[in-house]
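Chemist: Give me the fold of what follows.
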Amino acid sequence: MNETNRFGIRIIGERINPGFKSTRAMFEDKDLGAIQALALKQVEAGAFALNVNIGPQAMTDRGFLVDVIRAIQDVVTVPLSFDVPTAELFALCLTTYDRGRAGGELAIVNSITEHRWEAMQLYRDLPFRVMVMASERVIDGVAMNNKTAEDIAATARRAALRLRDEYGMPLDHVFVDLSVSAIIADTEGLNRATLDAVRLIGADPDLKGLHMMGGLSNIGQQLPVRAADGSDLKHGLENAFLTLAVPYGFDTVLGTPWRGYAPLPEDDYVLTAYRNFLGTTGSNALRAVRKLYKART
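Modeler: Down below sits the predicted model:
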């Protein structure tokens, strides 16, 4: 088993993104060689696909977006996921993408929601796989944030079955993106709702074959580097979430391939404290978060 991914989950490499300072500099310098090296590094670390997000430059410099896609495909043979703001730019990405260079694998559109469905108009002429954001639903034409497991799971079900029944998309081409919130501000039980939604979706026989995924980079946001036991707190929280979610079908991460994802033992300090946090709300949740990085008194 890959020691950087002991869960055996799929990792979509997230690093080609201006949110990372070093990558932003590559975009500013239009350094295609450095972007290629970053793509290779992610694939060599085990990424099954690479997400491509060049930020605002996608709107102002379409030639550079095309150059980035072609440069990446010159050096790696994994599929690409495209994160751009408009259906028109998705069309540009999909027509630029060389499926043959990715072993025949379809690209991934990142992403659609019930409220932002425009990219699906491209599907019949430019087939793709898709990430569906389950964090919001539409009520009477208005987008509403989902805060309960039932709403998250119902949104995922509605979208997935619509993709299957109206477009003929196989469910194994659908990635349901479940938001993993920063615990430091989670006083409403959003982490618990996400994990409960994983269980509901995983138990739904009509959804067999679809993929559940999420980005984990926010979970430890604004917390100290070290947990109370001296371990890497953010990394521990990422692994704690996966330890609880993977057994129920959560099988894909948008993340950094060399992070080193691995199940935590039952007596792990961070896992125990995270479980305690999941059982709380309001001010009790804030106190439970502090126990992650402050020794018990």
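
Chemist: In contact with Val132, which residues are there?
Modeler: Contacts of Val132 were listed using C-beta atoms under 8 Å, 6 or more residues apart in numbering, and they are 111-113, 156, 159-160, 163, 174-177. All C-beta atoms are positioned from the backbone trio N, CA, C, and that covers glycine.

Chemist: quick one: it is in a helix?
Modeler: No: secondary structure of Val132 (DSSP: H, G, I helix; E, B strand; the rest coil): strand, not part of a helix.

Chemist: Run a quick neighbour tally on the residue nearest to it when sequence neighbours are not counted.
Modeler: Nearest residue to Val132, sequence neighbours excluded (C-beta to C-beta, 6 or more residues apart in numbering): Ala159, at 4.6 Å. Residues within reach of Ala159, counting by other C-beta atoms under 10 Å, total 22.

Chemist: Do you know the pLDDT at Ala159?
Modeler: Ala159 carries a pLDDT value of 98.

Chemist: Kindly report the same for Asp140.
Modeler: Value for Asp140, per-residue pLDDT: 87.

Chemist: do the same with Leu65
Modeler: 98.

Chemist: Tell me if I'm right that it and Ala58 touch.
Modeler: Yes: with contact defined as C-beta atoms under 8 Å, Leu65 counts as touching Ala58 (5.1 Å).

Chemist: List only those of the contacts of Val132 flagged as buried.
Modeler: Buried subset of the contacts of Val132 (neighbour count, 16 or more other C-beta atoms under 10 Å): 111-113, 156, 159-160, 163, 174-177.

Chemist: Pick the one among the contacts of Val132 closest to Arg10.
Modeler: Phe175 (9.0 Å; C-beta to C-beta).

Chemist: Partner strands of the one helix or strand that closest one maps to and their direction?
Modeler: Per DSSP states H and E, Phe175 falls inside strand 174-177. With DSSP bridges as the test, strand 174-177 is paired with strand 129-133 (parallel), strand 211-215 (parallel).

Chemist: Quick check: next helix or strand after the first one?
Modeler: The first helix or strand that comes after strand 129-133 along the chain, using DSSP H and E, is strand 136-139.

Chemist: Show the pLDDT at the nearest residue to Tyr123 once chain neighbours are set aside.
Modeler: For Tyr123, ignoring the flanking residues on the chain, the nearest one in space by C-beta to C-beta, 6+ apart is Tyr167 at 5.4 Å. With respect to pLDDT, Tyr167 has a value of 98.
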